[in-house]
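Participant: dropping a prediction and its sequence here:
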Amino acid sequence: MARGSKKVKKRAKPSPQVIETLLNEMEAKGEHPSTGSEDNVREWLQNHSERELWFFSRWILGNDHLALGSYHRRIMCPFLTDFTRSYLKLLMVPMGHLKTTVASRSMPLHVQIQPRVHNIYHEMMTGSNMRVLLANENEQKSKENLYVIQQHCEQNAWLPWLWPNVFWDDPRSESPRWTDSQIELKRTQYWAEANISAVGIKTGFIGKYFDMIIGDDVAALEASQNPPLMDRVRKWRSSAKTRFYDKRRRMFIGVGTHWGSNDVYVDWKKDPDVDILIESVSSIDETTHQEVPLWPEKFPLDIIDNLRKGMDPIEWALWYMNKPVPVGYTALNWNDLREYHLSADGKELYFEDSRMDERITQRYDRISRNLGFVIGSSKYDPANAKPRTRAPRGMDQDFYEHMRTKYPEKVKDADTPNQ
């Protein structure tokens, strides 16, 4: 229902030239678009968009990066829309692999365009009557994702042309709710909740109910540095499971990347009811024993190698390999290894010198300090370690106390706090 009596100017549909350009581009990329009348083309675009998330995101929303390679069309998008195993999903892919583009910025709109007769998300329910919640660790980030959706609803000419029953011509004047935290599209049922809402972990949603919840990076940098906040994320995830209108079809989509060995995703993966897809930026082929990139068109081996060399091993394992390594862990770095040769009598080892030696020493010394104790000799003799009773600069005191408990032999003789 439109607000007020102001006459709304109908939004212009895509011109014949624009339509022809799109169809030619599709054909060049291996699609076989319908030809003939405008109605035939329109119906063909509708059907393919409604049935395939990748098609909708790539061609209607114009996310060109999805055209690079086949990973997103073959694996990521089908995983997100296949509910034969479970309505609860967890997708973990490396940073930069378009998980937010697909899950938080395309999927909510894809839900809304579903026709009742073949709704791939909820059988026999009109998509525009479904309520979607976007969640993020930070409310501002969640609103940014909703902003992208708003821009499509306001400016993307394909949407009202293909689905005039869903999208307003001028949503800012027609929609009953059009804010930075919630938007309402055309629908035939009336709910207290908007079609798409955006919240942060600290935002309350008690008393509201949804058909789909998308938790995108609900635990990231801030939660990884703040154990109480990480516990709050766990509680949020648990309470979110109660916020579904249909208790049998609780579509809870988790999307993220590891940030620590004890983050919420570790618990999430243990849930037997959750359908899980976890990817690393590369893997070793079992047949050829060669390293194979997950998305070679965007992250080829030379890019992967440069990233790996320039990053801390812990961060690399978390953000790109999706391995929940502990804070005190460091992966084996092949650059740290040295060639050696034996003396003539076979009793002495002589190691090769390297310009990296000093940097390696500094890195492992830094890691040791962050464990809550300092190494007291150049030989790294634990007996000479100097205990601390206060956290080193830059370390959270709660985490320091945790490490004191974990390594009591290093602090048992501690007396006075460091000054």
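Facilitator: Received it, and whenever you're ready, just let me know what you need. Numbering: from 1, shown residues only.
Participant: drop to CA atoms for contacts and neighbour counts, all remaining ones
Facilitator: Fine.
Participant: just the strands in the stretch 201-350 of the chain please.
Facilitator: Taking DSSP state E, counting those that start in this stretch as the criterion, the stretch 201-350 of the chain contains strands spanning 212-216, 251-256, 275-278, 282-284, 291-293, 340-342, 349-351.
Participant: listing partners with orientation, what would you give for the fourth one?
Facilitator: On the basis of DSSP bridges, the sheet neighbours of strand 282-284 come out as strand 291-293 (antiparallel).
Participant: just how off-centre is the partner strand within its chain?
Facilitator: 21 Å (Cα atoms, centre = their mean, to the nearest Å).
Participant: tell me the buried residues in that strand?
Facilitator: residue 293 (16 or more other Cα atoms under 10 Å).
Participant: shouldn't residue 60 be in contact with residue 158?
Facilitator: Yes - applying Cα atoms under 8 Å, one finds residue 60 in contact with residue 158, separated by 6.5 Å.
Participant: any idea which of the strands of the stretch 201-350 of the chain is most buried?
Facilitator: Per residue and on average, the most neighbours among the strands of the stretch 201-350 of the chain fall to strand 212-216, with a mean of 25 (mean count of other Cα atoms under 10 Å).
Participant: and the contacts of stretch 73-82?
Facilitator: 52-54, 66, 89, 91, 102-103, 120-121, 253, 277 (Cα atoms under 8 Å, 6 or more residues apart in numbering).
Participant: any chance of JSON lines for the strands of the stretch 201-350 of the chain, columns distance to residue 173 and mean pLDDT?
Facilitator: Formatted as JSON lines, these follow (distance: least, Cα to Cα, whole Å; pLDDT from 0 to 100):
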{"stretch": "strand 212-216", "distance to residue 173": "27", "mean pLDDT": "96"}
{"stretch": "strand 251-256", "distance to residue 173": "31", "mean pLDDT": "96"}
{"stretch": "strand 275-278", "distance to residue 173": "41", "mean pLDDT": "96"}
{"stretch": "strand 282-284", "distance to residue 173": "48", "mean pLDDT": "93"}
{"stretch": "strand 291-293", "distance to residue 173": "47", "mean pLDDT": "95"}
{"stretch": "strand 340-342", "distance to residue 173": "75", "mean pLDDT": "68"}
{"stretch": "strand 349-351", "distance to residue 173": "74", "mean pLDDT": "64"}
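Participant: which one is residue 160 nearest to, not counting chain neighbours?
Facilitator: residue 167 (5.1 Å; Cα to Cα, 6 or more residues apart in numbering).
Participant: quick check, that neighbour in contact with residue 156.
Facilitator: No - under the criterion of Cα under 8 Å, residue 167 makes no contact with residue 156, lying 10.2 Å away.
Participant: of the two, which one has the most company?
Facilitator: More neighbours surround residue 167 than the other of residue 167 and residue 156, with 22 against 18 (other Cα atoms under 10 Å).
Participant: check contacts around that one.
Facilitator: 153, 159-160, 185-186.
Participant: next: residue 60.
Facilitator: So residue 60 contacts 49, 158-159 (Cα under 8 Å, 6+ apart).
Participant: which residues pair with the most centrally placed residue in the chain across the strands?
Facilitator: Nearest residue to the geometric centre of the chain (Cα atoms, centre = their mean): residue 256, 3.5 Å. For residue 256, the beta-bridge partners are residue 92 (DSSP bridges).
Participant: returning to that earlier point: closest one of the contacts of residue 167 to residue 223?
Facilitator: residue 153 (32.3 Å; Cα to Cα).
Participant: got a list of what that closest one touches?
Facilitator: By Cα under 8 Å, 6+ apart, the residues touching residue 153 are 159, 167-168, 171.
Participant: tally of neighbours for the residue nearest to residue 229 when sequence neighbours are not counted?
Facilitator: Nearest non-adjacent residue to residue 229, counting by Cα to Cα, 6+ apart: residue 223, 5.3 Å away. Residue 223 has 21 neighbouring residues, counting by other Cα under 10 Å.
Participant: cool, and residue 81?
Facilitator: 16.
Participant: please name the nearest non-neighbouring residue to residue 48.
Facilitator: Nearest residue to residue 48 in three dimensions, chain neighbours excluded: residue 55, at 6.8 Å (Cα to Cα, 6+ apart).
Participant: where are the low-confidence patches of this protein?
Facilitator: Where the chain drops to pLDDT under 70, the residues are 1-8, 204, 206, 326-341, 347, 349-419.
Participant: hmm, back to that, list the ones among the contacts of stretch 73-82 that fall in helices.
Facilitator: Within those, residues falling in helices by DSSP state H are 53-54, 102-103.
Participant: distance of the residue nearest to residue 224 when sequence neighbours are not counted from residue 265?
Facilitator: Computed as Cα to Cα, 6+ apart, the closest residue to residue 224 that is not its neighbour in sequence is residue 259, at 5.9 Å. Distance from residue 259 to residue 265, counting by Cα to Cα, to the nearest Å: 9 Å.
Participant: do residue 295 as well
Facilitator: In terms of Cα to Cα, residue 295 sits 23 Å off from residue 265.
Participant: more neighbours, the two?
Facilitator: Neighbour tally, residue 295 and residue 265, criterion other Cα under 10 Å: the higher count belongs to residue 265, 24 against 18.
Participant: my read is that that one contacts residue 258, right?
Facilitator: Yes - when contacts are counted by Cα under 8 Å, residue 265 is listed as touching residue 258 (6.8 Å).
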